[in-house]
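> coordinates only, no sequence provided:
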């Protein structure tokens, strides 16, 4: 959410930003916000004038009574009552206007960084850099579920019976590999100075509204019936939410956090949930990075965060690339974002395994996260998040890139300590 003062002073810039995101239907909102804001400020000014006048008249009543001027005192009391009634009406009017302004401000997109390429959708995202040499082996790479099934590591049929499509049972060495990847990711980020968290897996609507747009919430999150609780779609929601209504000191920054959680997603609008695959599913686990920092440091942290993911995948010898998200592919709260994509030898192309985002001050403004500084006064920090690893998609990349001709899967050295010293998973 933008600062209303910025919208008031820069309406043309806000409209141009909306156009860059190809959301022209939102253009009228800018003028509506400015008009409503003007009306609200006029009502507040009138209210302040009445309050001052009421205080003056109220003080006069006692003096008039003391002078025996009862009729004049009664007239003054009547005047005070009238002013109080008008002030009450103005308070109601201001509250209603604030709500109308907030409704519109919540859907006006954040100002994107000047470096973001302009494009309509993800088909116009721009490759930045590749890391590692993509390899296509001489033998055929099976579909990832076929690899798992050959290693007796997945049961989709039972999951469909218990839960439907979009769920799975992992078992045996594949389940252990899944846990090993998460354990390695945890330690990888701790070694880089991040504090490890296991957060709540459910959050209130006040946090949901602070961390994402309404459209994202509707498409992603599961609501707990009868309670003000939602299942998290990523631990970023809980981790940013922990700072709600918090006043930080500059000495508290940066906050560098890494968190593990299960994630639950409706996947509304997705291209269907595959019956056999684990690429797009309703439940998975993830290791996340979250940073709360000084505004002037957020772009430096942005580069550090996506580089952490690249380094993690490269430590397991998986080729990756970074892809800059264009303006039309950015969620409304994001200032800048890039995807990390892993190489798929089977498909002979890259696919998304993580996303890094700088949200500027948007989440901080929505959640009431502030920094108190003697030198600069109170200000809003910037928030960022990035995926370290989400094993369902990571498993696809890992299995395809480490598959041997005999159907076994090699275990890179960093994971062996979490796999009981095993250097490969073989068919039974």
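Okay, I see it. These numbers come from a predicted model, not from an experiment. Numbers count the residues shown, from 1 in each chain.
> doesn't residue 108 make contact with residue 13?
No: at 11.8 Å, residue 13 does not count as touching residue 108 under the criterion of Cβ atoms under 8 Å. From N, CA and C alone the C-beta is placed, and that goes for glycine too.
> helix or strand with the lowest mean pLDDT in this protein?
Lowest mean confidence among the helices and strands of the chain (mean pLDDT, DSSP states H and E): helix 214-220, at a mean of 74.
> got a list of contacts for that one?
Contact partners of helix 214-220, identified using Cβ atoms under 8 Å, 6 or more residues apart in numbering, comprise 106-107, 208-209, 212, 230, 233, 265-269, 331-332.
> could you do stretch 72-89 as well?
Counting by Cβ under 8 Å, 6+ apart, 47, 50, 51, 53, 54, 57, 58, 60, 61, 64, 65 sit against stretch 72-89.
> I'd like these as CSV, with pLDDT appended.
Formatted as CSV, these follow (pLDDT from 0 to 100):
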residue, pLDDT
47, 93
50, 93
51, 90
53, 90
54, 89
57, 85
58, 81
60, 86
61, 82
64, 80
65, 80
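> among those residues, name the buried ones.
Neighbour-count burial (16 or more other Cβ atoms under 10 Å) applied to the contacts of stretch 72-89 gives 47, 50, 54, 57, 60, 61, 64.
> and residue 93, how many residues sit next to it?
Residue 93: 16 surrounding residues under other Cβ atoms under 10 Å.
> repeat that for residue 134.
16.
> my guess is it contacts residue 343, does it?
Yes: the criterion here is Cβ under 8 Å, and residue 134 meets it with residue 343 at 4.5 Å.
> which neighbours do the two have in common?
Taking Cβ under 8 Å, 6+ apart as the criterion, residue 134 and residue 343 both touch 319, 350.
> low pLDDT regions in the stretch 251-400 of the chain?
Within the stretch 251-400 of the chain, the stretches with pLDDT under 70 are 268-275.
> returning to what we had before: what's the farthest-apart pair in the contacts of stretch 72-89?
Across these, the longest distance by Cβ to Cβ is 27.3 Å; it joins 47 and 65.
> related to what we said a few turns ago, just the buried subset of the contacts of helix 214-220, written out for ChimeraX, thanks.
Typed into ChimeraX, the line below selects the buried ones among the contacts of helix 214-220, using 16+ other Cβ under 10 Å:
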select :208,212,230,233,265,266,331,332
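> quick one: which of the contacts of helix 214-220 sit in strands?
When DSSP state E defines the strands, the subset of the contacts of helix 214-220 inside them is residue 230.
> for the contacts of helix 214-220, which one is nearest residue 321?
Looking across the contacts of helix 214-220 and measuring by Cβ to Cβ, the closest to residue 321 is residue 331, at 21.2 Å.
> all strands of the stretch 1-150 of the chain, in order?
126-131 (DSSP state E, counting those that start in this stretch).
> same question, the stretch 201-350 of the chain
In the stretch 201-350 of the chain, the strands defined using DSSP E, counting those that start in this stretch lie at 202-203, 222-223, 230-231, 247-248, 255-264, 283-293, 320-324, 336-344, 349-358.
> strand partners (parallel or antiparallel) of the first one?
Yep, that's strand 202-203 we're talking about. With DSSP bridges as the test, strand 202-203 is paired with strand 230-231 (antiparallel).
> which residues of this protein fall in helices?
Along the chain, counting by DSSP state H, helices occupy 4-9, 11-20, 27-66, 70-105, 144-150, 156-162, 172-191, 205-211, 214-220, 235-241, 298-315, 362-367, 391-402, 413-416.
> could these be laid out in a markdown table, adding distance to residue 355?
Converted to a markdown table, these look like this (distance: least, Cβ to Cβ, whole Å):
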| stretch | distance to residue 355 |
| --- | --- |
| helix 4-9 | 26 |
| helix 11-20 | 20 |
| helix 27-66 | 27 |
| helix 70-105 | 25 |
| helix 144-150 | 20 |
| helix 156-162 | 26 |
| helix 172-191 | 15 |
| helix 205-211 | 14 |
| helix 214-220 | 13 |
| helix 235-241 | 10 |
| helix 298-315 | 9 |
| helix 362-367 | 15 |
| helix 391-402 | 11 |
| helix 413-416 | 23 |
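> closest one to residue 123 among those helices?
Of those, the one closest to residue 123 (Cβ to Cβ) turns out to be helix 11-20, at 16.3 Å.
> stretch 123-137 spans what distance, first to last residue?
28 Å (Cα to Cα, to the nearest Å).
> residues making contact with that stretch?
The contact list for stretch 123-137 (Cβ under 8 Å, 6+ apart) reads 117, 119, 310, 313-314, 317-326, 328-329, 338-339, 343, 345, 348, 350, 401, 403, 405.
> now do that stretch: distance to the chain's middle.
Centroid separation between stretch 123-137 and its chain, computed with Cα atoms, centre = their mean, to the nearest Å, is 25 Å.
> what's around residue 137, how many residues?
Residue 137 is flanked by 13 other residues according to other Cβ under 10 Å.
> where's it relative to residue 405, distance?
Per Cβ to Cβ, to the nearest Å, residue 137 is found 7 Å from residue 405.
> and stretch 9-24, which residues are buried?
Of the residues in stretch 9-24, those buried by neighbour count under the rule 16+ other Cβ under 10 Å are 10, 14, 15, 17, 18, 20, 21, 23.
> try stretch 126-133
For stretch 126-133, a neighbour-count test (16+ other Cβ under 10 Å) marks 131, 132 as buried.
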